[in-house]
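> Sequence first, then the predicted structure, then my questions.
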Amino acid sequence: MGKKISQKRLIVCRVKKGPRVFTFLQALREQQVDIIKLSSDEEELKFSFHEIHLKKIKNIRKKYGIKLNMSRPDAIHIIQFQTYIWLGIMLFILVPYLFSHVVWEVGIEDVSEERKAKIQSELLKLNVKEKTLKNDIPSDGEIRQSLLANNKDLSWIHINRKGSSIHFEVVPAPVNEIKYAPKKTPSDLFATRRGVITYYDLQSGERVVQIHETVQKGDLLASGIIKQGNIEKVVGAEGRVFADYWMEVSFELPKTIKYKELKGKEVTFFNVKHAWKVYNEKRSIPSFVQFLKNVFKVNTHLIYENKTQIVDEEWIQNSFLPLLQIKSNASLSSNGQIKQEKILHIAWSNDKVKGKVLYYINDNIAQKRPIHQGD
């Protein structure tokens, strides 16, 4: 195969004009030597021929005493790009490109093996698994929203997509250190704010206020002292007391909000033209290695569009208030909930929008206070 290819390579031949040159060319034609791209100037003739005819041309040159200057134009090339080589390069490029569209590795970084197994199970339900096409996997936002919704003990999940791998780094929610009274000091439960009692969730202690009664901040909700006849026993009150109450939230916004919206991704791959141009200038082994790297390189460019949002009542109602409610809901306990919301007022000034929202909330309002038994 290599011999056949070499016989088809072109050799460029230059010969000075003289009385025997045209007779020499005629002899080449008679010997069925194909003359390619014959040209002439004032001093010499120039033509090309296939290497298979080299021996014939040398014999005819000696017969007519013609001096030839022969050279191979592809002698400086590192690789002779024949058809089969092009096919090999195409396969060499195409196979990695096709494989790059498949996720081959899904990793989860978490110190808790139990939570790691739970997240892995949830990812399988979302079709986030190995040997899956990247286009069949949900976006980072959808994955993160689903995982955070099902794992209340997490504050965030970092998703790192690199090449054909996806890695998830779990960030646990900070542990709120609740300061309980010492075990040797039993406590009563008092109200932290005004509200209407809805239900009790006590492990110990005795109710003081009935359901649906209104309490003020500082009122006793559950006593840690239980009376048995004439005997009082200090057991301490443990648990939660839920009540309905109103909470006012203020906000302030600029009248015009400028932001950037992600419109898409521009992916550049298989950039042969530019890579070949760089290689063609130097034609060395390092430049050829760089040529292959540039061909396989996939460049991703995020496309953003500048946006301007005018803050009006419709935008506040449909876009801002749902976000404000999510933020307010995050300040409640795990069983707390916002039952109702009311817009108190919205005021526009020269460059600001100010407003107040009233939330009707049900949450735990109980707080421990140690019982001083000596009093």
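Thanks, I have it. Just so it is clear, the model here is predicted, and its values are computed rather than measured.
> For this protein, which segments count as helices?
Along the chain, counting by DSSP state H, helices occupy 2-7, 21-30, 54-64, 83-99, 113-125, 140-150, 272-282, 285-296, 313-315, 321-330.
> from the chain's centre, how far out does the longest one sit?
Read it as helix 83-99. Centroid displacement of helix 83-99 relative to its chain, using Cα atoms, centre = their mean, to the nearest Å, is 28 Å.
> So for it, what gets flagged as buried?
Judged by neighbour count (16 or more other Cβ atoms under 10 Å), helix 83-99 contains these buried residues: Ile93. Every C-beta, even on glycine, is put in place using the N, C-alpha and C of the backbone.
> packing partners for it?
Helices and strands touching helix 83-99, as assessed by 3 or more Cβ pairs under 8 Å, 6 or more residues apart in numbering; DSSP states H and E, comprise helix 285-296.
> Quick check: mean pLDDT of the helix it packs on?
The pLDDT scores in helix 285-296 average 68.
> same question, stretch 342-357
88.
> how long is it from one end to the other?
6 Å (Cα to Cα, to the nearest Å).
> Please apply the same query to stretch 283-302.
The first residue of stretch 283-302 is 34 Å away from its last residue (Cα to Cα).
> returning to what we had before: in JSON lines: the helices of the chain, plus distance to Leu38.
Converted to JSON lines, these look like this (distance: least, Cβ to Cβ, whole Å):
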{"stretch": "helix 2-7", "distance to Leu38": "21"}
{"stretch": "helix 21-30", "distance to Leu38": "8"}
{"stretch": "helix 54-64", "distance to Leu38": "14"}
{"stretch": "helix 83-99", "distance to Leu38": "27"}
{"stretch": "helix 113-125", "distance to Leu38": "70"}
{"stretch": "helix 140-150", "distance to Leu38": "64"}
{"stretch": "helix 272-282", "distance to Leu38": "27"}
{"stretch": "helix 285-296", "distance to Leu38": "34"}
{"stretch": "helix 313-315", "distance to Leu38": "77"}
{"stretch": "helix 321-330", "distance to Leu38": "79"}
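> mind checking which of these is nearest Glu252?
Between Glu252 and these, the shortest gap by Cβ to Cβ is with helix 321-330, which sits at 11.7 Å.
> List the buried residues of that closest one.
Going by neighbour count (16+ other Cβ under 10 Å), the buried part of helix 321-330 is 321, 324, 328.
> can you put those in TSV and add distance to Ile197 and pLDDT?
Below are those laid out as TSV (distance: Cβ to Cβ, whole Å; pLDDT from 0 to 100):
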residue	distance to Ile197	pLDDT
Leu321	29	86
Leu324	27	87
Ser328	22	86
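> For the residues you listed, give me TSV that also has distance to Leu262.
Shown next, in TSV, are the buried residues of helix 321-330 (distance: Cβ to Cβ, whole Å):
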residue	distance to Leu262
Leu321	24
Leu324	23
Ser328	27
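> Low-confidence ranges, the stretch 101-250 of the chain, go.
When residues are selected by pLDDT under 70, those of the stretch 101-250 of the chain lie in 174-184.
> In it, what residue spans correspond to strands?
102-103, 105-109, 132-133, 154-162, 165-172, 187-191, 195-204, 206-207, 214-215, 220-223, 225-228, 231-234, 238-254 (DSSP state E, counting those that start in this stretch).
> Show me what the longest one packs onto, helices and strands only.
When you say that, I think you mean strand 238-254. Looks like strand 238-254 contacts strand 187-191, strand 195-204, strand 220-223, helix 321-330, strand 352-364, strand 366-370 (3+ Cβ pairs under 8 Å, 6+ apart).
> closest one to Glu44 among the ones you listed?
Closest among the helices and strands packed on strand 238-254, using Cβ to Cβ: helix 321-330, at 81.6 Å.
> and for that closest one, what are the contacting residues?
247, 249, 251, 336-338, 341, 343, 357, 359 (Cβ atoms under 8 Å, 6 or more residues apart in numbering).
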